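Enquirer: Following is a predicted model, sequence given first.
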Amino acid sequence: MTRPPPDLMTRLRARLRGEVSTEILEAYQRAGASIHPMLDKAEARRFMLRGTDRSWWDQPRHEQLATLCLWNAFILQTLGDTLLEADAAADPDTVGFAPRVTTDQARAYYAQVAVWLERSVLAQGDPTYDLNVTLPASLPDWSPAEPCPREHLAALMAALERTHAHLTGVMVAFDAQPVLPAHAAHATRLRTLFASTELESRALTQMYTPNASAELHELIEDRTRDLMADIYRLGQWLSMPALTTRVPADELGAPPPEPVTPRVPPAPPAAEPPPREQSPAEPTPTSQKAPGEPREPLWVREPWCASDPRIRDQLKRDPRATRTLTHFWQALSAPRDALTLLRDTETRCAKEGVGLAYATRADGTALGHSDEPPYAPIYRAVDTCQVGQVTLNPGDEFTLLRRGAVLQVVTGRFESTPDLSTDPQERP
């Protein structure tokens, strides 16, 4: 049922609180009803294994993959729905509006639902179908907000409760199946990981209180996000147990090892050269880099390196934004190419007569930057030009965003976000 449009007082309250409309998100919410019949069919296929000597590992691979994709779509839809519903319950005076951090997070979830649903349909109908993404997949990047609104934390806790309830249902069905000795160690490990999520979920529920201090609020928020990521990943392993056999059972769910920096073997001692006078222009020995010494890429050392230059100093001081940017670079399949595209676009905008400028509003104020990582500027094409693989016409607005594992030029009409807002005057 469609909710009537908000009245004038609701819109005024929302504006005063800096909240934004949820109209488009509510359309995604209504569209999510199509997932449930597909989920019922997937569960029916697994139910048919009961009473046989076959386990979930023995399902055809493409059926397991279809179930995994469906799990991802279902959880993402559930997270988006719960964020909106919980915010409306926590703040009924502004139903139809929500804090931007909540709407941004819900939008990130909803944007991937259709993608995973399509993958599920393709996998179910084609035994040779495979994905070009790393599995298990990660949740979309978290929207940075400092401080996080209390309504958003209430929504996160409600989303955690609902997603963990779904995971519990899957685990009950998993325990009802026979497991062959070849898969016993991995099955035990999956049960152990589930027990860990259960303990953490119970602990967070007991810790949470709506009027928590800022310090406790942030602690619960960070742990809730980490637990949601674990639930999302564990559900994928349960949906497609074939993934678990890629690693030994005791390594399943373990954090990736820290990268080992290769050590350069010391050079054999050489005869000491005669002393000579060093010119002031010459670099000192301590400033030289050891031959072969590895150097981390720029995006690892400075994850904000390609963000809007007008807010980089602000991003450096925001640990949550820094973590989000780090996850952004890690999710890219070709970060070096992405950095080149971001930097080239920034350089072209800084030059006169190259056809690009920062986008502005009708009153001439800067429109700002995208609210998604890498927080690139919102540009406007002054003349017909080419950016990446996209041809832009005069007046087109665009920014650069990650879609899947690739950085893409995204065109449209944009509004800047207040979460990381600045209003620099370097260039109108």
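Expert: That came through fine.

Enquirer: so who does residue 174 touch?
Expert: Listed by CB atoms under 8 Å, 6 or more residues apart in numbering, the contact set of residue 174 reads 56, 187, 190, 238. Every C-beta, even on glycine, is put in place using the N, C-alpha and C of the backbone.

Enquirer: List just the nearest of these to residue 137.
Expert: Residue 137 lies nearest to residue 238 out of the contacts of residue 174, by CB to CB, at 14.2 Å.

Enquirer: so where's the stretch 51-200 of the chain shaky on pLDDT?
Expert: Residues of the stretch 51-200 of the chain meeting the criterion pLDDT under 70: 51-53, 143-149.

Enquirer: Next, format the contacts of residue 174 as TSV and append neighbour count and secondary structure.
Expert: Below are those laid out as TSV (neighbours: other CB atoms under 10 Å; DSSP: H, G, I helix; E, B strand; the rest coil):
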residue	neighbour count	secondary structure
56	22	helix
187	21	helix
190	23	helix
238	23	helix
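
Enquirer: neighbouring contacts of the helix or strand where residue 30 lies?
Expert: For residue 30, the host element (DSSP states H and E) is helix 23-31. Contact partners of helix 23-31, identified using CB under 8 Å, 6+ apart, comprise 2, 3, 80, 81, 84, 96, 103, 106, 107, 110, 113.

Enquirer: That helix: which residues count as buried?
Expert: 25, 26, 28, 29 (16 or more other CB atoms under 10 Å).

Enquirer: Tell me how far the last one lies from residue 97.
Expert: Residue 29 sits 15 Å away from residue 97 when distances are taken as CB to CB, to the nearest Å.

Enquirer: Please apply the same query to the first one.
Expert: Distance, residue 25 to residue 97, by CB to CB: 11 Å.

Enquirer: Report the buried residues of stretch 181-197.
Expert: 183, 185, 186, 187, 189, 190, 193, 194, 197.

Enquirer: same thing with stretch 44-62?
Expert: By neighbour count with 16+ other CB under 10 Å, stretch 44-62 contains the buried residues 46, 49, 55, 56, 57, 58, 59, 62.

Enquirer: Widest-spaced pair of those residues?
Expert: The farthest-apart pair in the buried residues of stretch 44-62, when distances are taken by CB to CB, is 55 and 62, at 17.0 Å.

Enquirer: Let me see the mean pLDDT of the strand or helix carrying residue 322.
Expert: Assigned by DSSP H and E, residue 322 falls within helix 319-331. Mean per-residue pLDDT for helix 319-331: 85.

Enquirer: What is it packed up against?
Expert: Other elements packing on helix 319-331 under the criterion 3 or more CB pairs under 8 Å, 6 or more residues apart in numbering; DSSP states H and E are helix 298-301, helix 312-316.

Enquirer: Which residues does the shortest one contact?
Expert: Residues outside helix 298-301 that contact it (CB under 8 Å, 6+ apart) are 305, 306, 326, 329, 335, 339.

Enquirer: Show me the helices in the stretch 51-200 of the chain, by range?
Expert: Assigned by DSSP state H, counting those that start in this stretch, the helices in the stretch 51-200 of the chain fall at 61-90, 100-125, 150-175, 184-207.
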